[in-house]
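S.K.: The sequence and its predicted three-dimensional model are supplied below.
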Amino acid sequence: MVTLLLLLLFQMAQPPTWAQEAIWYQIFVERFRNGDPNNDPTLASIRGSWPHLEPEGWAVTPWTHDWYAMDPWAEKAELDFYTAVQLRRYGGDLQGVIDKLDYLADLGITAIYLNPLNDAPSLHKYDARHYHHIDVHFGPDPVADKALIAGETPDDPTTWVWTHADRLFLHLIAEARARGIRVVLDVSWNHTGQTFWAWKDVLAKGRTSRFADWYEIESFEPFRYSGWAGVPELPELRKIGAEGRVHGRPVPGNLHEDVKRHIFDVTRRWMDPNGDGDPSDGVDGFRLDVAELVPIAFWREYRRFVTSINPDAFLVGEVWWDVWPDRMIDPGPWVNGDVFDAVMNYRWYMPTRSYFADALPQVRTASEYVLHLDSISRGQSQPVRRAMMNLAASHDSERFGTSILNRGNRYKYRMSPRETETFRVDKPDAWTLRLQRLILAHQFTYIGAPHIWNGDELGMWGGDDPDMRKPIIWPDLRFEDEVAHPFGRFRKRDTVNADMDLHAHHKALIAIRRRNPALVWGDLRYRPTDDPQQALAYLRSHDGNRILVVFNNQIRDRNVAVEGVPDGTYTDLLDGTTHTTSENGRLQLPMEGKSARILGITSPISPSPDW
């Protein structure tokens, strides 16, 4: 009986199957698609977000506007670009996401991760007004929704109502699920916004507020409190017993009991909206913001609570920097089966960018690169490795193409024209696109769940926050050329349009991964690497499905020899060419510089145990 219980516990501790085979697409709703111009934000709706200005003549920015060109209201107010851009709104909404679900299904996406939708004044929505409501301007009737919310008692779930925006989100979940797409929601249980209902009560009543113990308040006279990363707009929720915390290691202690109760109530609402015990009408899990800053004991409780509602739910944490900008946190303590299923795997991208794009910090040889990959997965179970969210860009880093175009910079470090005078804000060139394709071949054939930041598949570009948050360049819209520079420096004129060749390449890679179970469930075995020739090859094999992946990481075109492979026919799944082995298990492959081949294998003999 004990053995059976242990086996059941082990099975429950594994990431859900669907997350291990997921193709992720991350959506930043405010910049994704304006599906309903009648619900666009107003100046009043953004009140409470930085920079706390209300310029005369403010208006929603046209979707197709030259990104660095100043809005008329910003020019009149004599604002600099990086202040003005935080005041911009473009009107992206849930209807826009619903309108593009067929696009995502056609691309091959099986799971979407939505940046915060909670009612909030900022463009990023990490400064919640309410956790339990969708932003009213993401829904069809903001005025009516505000009136509905005003009739609630926010800390009493029995008084909560379903707004029009809330119901549209539930409709989005149903429409996504009908297309075989899971939905994961981004939340932050580390902080709220200054307009959050409990924080407003604290501001009004001080130490007599019933919610004064919810926050990290240092003193009431004078009033001082802790905001996330020192940002006053994001007051931190209180951690009990977290003294002596060490950065990069799990935080001791727990959250305040009343805070936990509210978080659990909100979680239940989005996971099982009608409360019937069937979670199929709710979200499939959560992406958990700044997860390393929240006490790990809370996360363990949270996992138990979430899986009690839906045993197939997925929890992915943001566990990021240890020593900025050199080393990322080892996620081991968070992915042992009792906390998260996976983390956002920025640790995959940093050495991958370095090796394939010759970027800083340098990874010079295939052998060195393999050691990097082995080191970042050390101690992780195979199911956890398969569920890791392997990403090249997100809402918190420069776009994929811009990261490669500026490969002389370290990853994310000073990746902005604000911080680097020579930073290139222009459209990625042909060589950059070749390097992107090379990295994509690795992303979609390596262990882990590939992740696409919305718009990267269309060739978008932009530096670190906020420049990676441009509106998506949909093919049916005509955009202004990009000619402006935020500091008036020289730049070339760039036409702004969707790169449908890059889109087709993403679609092809997704199809290859979805048709070949070896690329999801298979083990990975490296063939002997050729460091002087910069050749890298590995085998993925599962239940008779076998894939050989070969990289020519040299600049020049050449023949790449792969040793130790069985006799047979090797068909390139990207270009359809076929290749056969010679004597002694050697495969000769003509390859362009900085390119990859993904080869399906048909062999006349049974594979050896190494396969």
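M.R.: Done, it's in. Numbering: from 1, shown residues only.
S.K.: can we go C-alpha only for contacts and neighbour counts from here?
M.R.: Noted.
S.K.: So which residues of the stretch 101-250 of the chain form strands?
M.R.: 111-114, 118-119, 130-134, 182-187, 217-220, 223-225, 239-240 (DSSP state E, counting those that start in this stretch).
S.K.: got JSON lines for the ones you listed, with distance to Asp501, mean neighbour count and mean pLDDT too?
M.R.: Formatted as JSON lines, these follow (distance: least, C-alpha to C-alpha, whole Å; neighbours: other C-alpha atoms under 10 Å; pLDDT from 0 to 100):
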{"stretch": "strand 111-114", "distance to Asp501": "23", "mean neighbour count": "22", "mean pLDDT": "98"}
{"stretch": "strand 118-119", "distance to Asp501": "35", "mean neighbour count": "24", "mean pLDDT": "98"}
{"stretch": "strand 130-134", "distance to Asp501": "35", "mean neighbour count": "25", "mean pLDDT": "98"}
{"stretch": "strand 182-187", "distance to Asp501": "27", "mean neighbour count": "22", "mean pLDDT": "98"}
{"stretch": "strand 217-220", "distance to Asp501": "53", "mean neighbour count": "14", "mean pLDDT": "97"}
{"stretch": "strand 223-225", "distance to Asp501": "50", "mean neighbour count": "12", "mean pLDDT": "98"}
{"stretch": "strand 239-240", "distance to Asp501": "49", "mean neighbour count": "19", "mean pLDDT": "97"}
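S.K.: Can you lay out those strands as JSON lines showing distance to Leu94?
M.R.: Conversion of these to JSON lines gives the following (distance: least, C-alpha to C-alpha, whole Å):
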{"stretch": "strand 111-114", "distance to Leu94": "10"}
{"stretch": "strand 118-119", "distance to Leu94": "12"}
{"stretch": "strand 130-134", "distance to Leu94": "10"}
{"stretch": "strand 182-187", "distance to Leu94": "13"}
{"stretch": "strand 217-220", "distance to Leu94": "35"}
{"stretch": "strand 223-225", "distance to Leu94": "34"}
{"stretch": "strand 239-240", "distance to Leu94": "34"}
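S.K.: wait, which of those is closest to Pro517?
M.R.: Minimum separation from Pro517 across the strands of the stretch 101-250 of the chain (C-alpha to C-alpha) falls at strand 111-114, 17.4 Å.
S.K.: List the neighbouring strands of that closest one plus their orientation.
M.R.: With DSSP bridges as the test, strand 111-114 is paired with strand 24-27 (parallel), strand 182-187 (parallel).
S.K.: How much space separates Leu114 from His395?
M.R.: According to C-alpha to C-alpha, to the nearest Å, Leu114 and His395 sit 11 Å apart.
S.K.: Report the set of residues contacting both of those two.
M.R.: Phe28 (C-alpha atoms under 8 Å, 6 or more residues apart in numbering).
S.K.: before we move on, back to that, for Asn390, find the nearest of the strands of the stretch 101-250 of the chain.
M.R.: Here strand 111-114 is closest among these (C-alpha to C-alpha), at 13.2 Å.
S.K.: For that closest one, what is the distance to the chain centroid?
M.R.: Strand 111-114 sits 8 Å away from the centroid of its parent chain (C-alpha atoms, centre = their mean, to the nearest Å).
S.K.: ok so, going back, nearest to Asp426 among the strands of the stretch 101-250 of the chain would be which one?
M.R.: Nearest to Asp426, of all the strands of the stretch 101-250 of the chain, is strand 111-114, at 27.4 Å by C-alpha to C-alpha.
S.K.: Mind listing residues that contact the closest one?
M.R.: So strand 111-114 is contacted by 22-29, 181-186, 287 (C-alpha under 8 Å, 6+ apart).
S.K.: Alpha carbons of that strand, as PDB, please.
M.R.: Presented in PDB, the C-alpha positions along strand 111-114 are these (Å, rounded to 0.1, in the frame of the first residue of the first chain):
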ATOM      1  CA  ALA A 111      -1.100  26.500 -25.700                       C
ATOM      2  CA  ILE A 112      -1.200  30.300 -25.200                       C
ATOM      3  CA  TYR A 113       0.100  32.100 -22.200                       C
ATOM      4  CA  LEU A 114      -1.600  35.500 -21.700                       C
END
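S.K.: nearest to Thr422, of the contacts of strand 111-114?
M.R.: Phe28 (28.2 Å).
S.K.: List the residues that contact the closest one.
M.R.: Residues in contact with Phe28 (C-alpha under 8 Å, 6+ apart) are Leu114, Asn115, His124, His395, Asn454, Arg469.
S.K.: hmm, back to that, list just the one of the strands of the stretch 101-250 of the chain that sits closest to Tyr302.
M.R.: Across the strands of the stretch 101-250 of the chain, closest to Tyr302 is strand 182-187 (C-alpha to C-alpha), at 12.8 Å.
S.K.: follow-up on the earlier one: among the contacts of Phe28, who's most crowded?
M.R.: Arg469 (27 neighbours; other C-alpha atoms under 10 Å).
S.K.: how much space between that one and Gly48?
M.R.: 20 Å.
S.K.: same question, Ala19
M.R.: 36 Å.
S.K.: ok, those two, which is more surrounded?
M.R.: Ala19 (28 against 19).
S.K.: Okay, now the unreliable bits of the stretch 1-150 of the chain?
M.R.: 1-12 (pLDDT under 70).
S.K.: what about Leu536, which SS state?
M.R.: Secondary structure assignment for Leu536 (DSSP: H, G, I helix; E, B strand; the rest coil): strand.
S.K.: and it, how many neighbours?
M.R.: Applying other C-alpha under 10 Å, I find that Leu536 has 24 neighbouring residues.
S.K.: swap in Thr422?
M.R.: 11.
S.K.: Wasn't it part of a helix?
M.R.: No: looking at Thr422 with three-state DSSP, it is coil, so not inside a helix.
S.K.: Can you tell me how far it is from Met415?
M.R.: When Thr422 is compared with Met415 (using C-alpha to C-alpha), they lie 10 Å apart.
S.K.: Next: Ser308.
M.R.: 42 Å.
S.K.: higher neighbour count, the two?
M.R.: Comparing Ser308 with Met415 by other C-alpha under 10 Å, the one with more neighbours is Met415, at 26 against 11.
S.K.: That one - that's part of a strand, no?
M.R.: No: assignment of Met415 by three-state DSSP gives coil, placing it outside any strand.
S.K.: wait, isn't it in contact with Phe400?
M.R.: No: using C-alpha atoms under 8 Å, Met415 is not in contact with Phe400; the gap is 11.6 Å.
S.K.: Which stretches in the stretch 451-600 of the chain count as strands?
M.R.: Listed in chain order, the strands of the stretch 451-600 of the chain (DSSP E, counting those that start in this stretch) span 523-526, 535-542, 545-552, 558-562, 569-572, 578-582, 586-591, 595-602.
S.K.: among the ones you listed, which is nearest Glu368?
M.R.: strand 535-542 (11.0 Å).
S.K.: Quick one: neighbours of Arg179, just the number.
M.R.: Arg179 - counted by other C-alpha under 10 Å - has 15 other residues nearby.
S.K.: give the contact list for it.
M.R.: Leu101, Asp102, Ala105.
S.K.: how about Trp334, what does it touch?
M.R.: Pro250, Ile296, Phe340, Ala342.
S.K.: Now list the buried members of those residues.
M.R.: Pro250, Ile296, Phe340, Ala342 (16 or more other C-alpha atoms under 10 Å).
S.K.: Give the full set of residues in contact with the third one.
M.R.: Looking back up the chat, that one is Phe340. If you count contacts by C-alpha under 8 Å, 6+ apart, Phe340 has them with Trp299, Arg303, Phe314, Leu315, Val316, Gly317, Trp334.
S.K.: For Leu599, which non-adjacent residue is spatially closest?
M.R.: Leaving aside its sequence neighbours, Leu599 sits nearest to Asp572 (C-alpha to C-alpha, 6 or more residues apart in numbering; 4.4 Å).
S.K.: An error on my part: the question was meant for Thr307.
M.R.: Spatial nearest neighbour of Thr307, excluding adjacent residues (C-alpha to C-alpha, 6+ apart): Ala313 at 6.3 Å.
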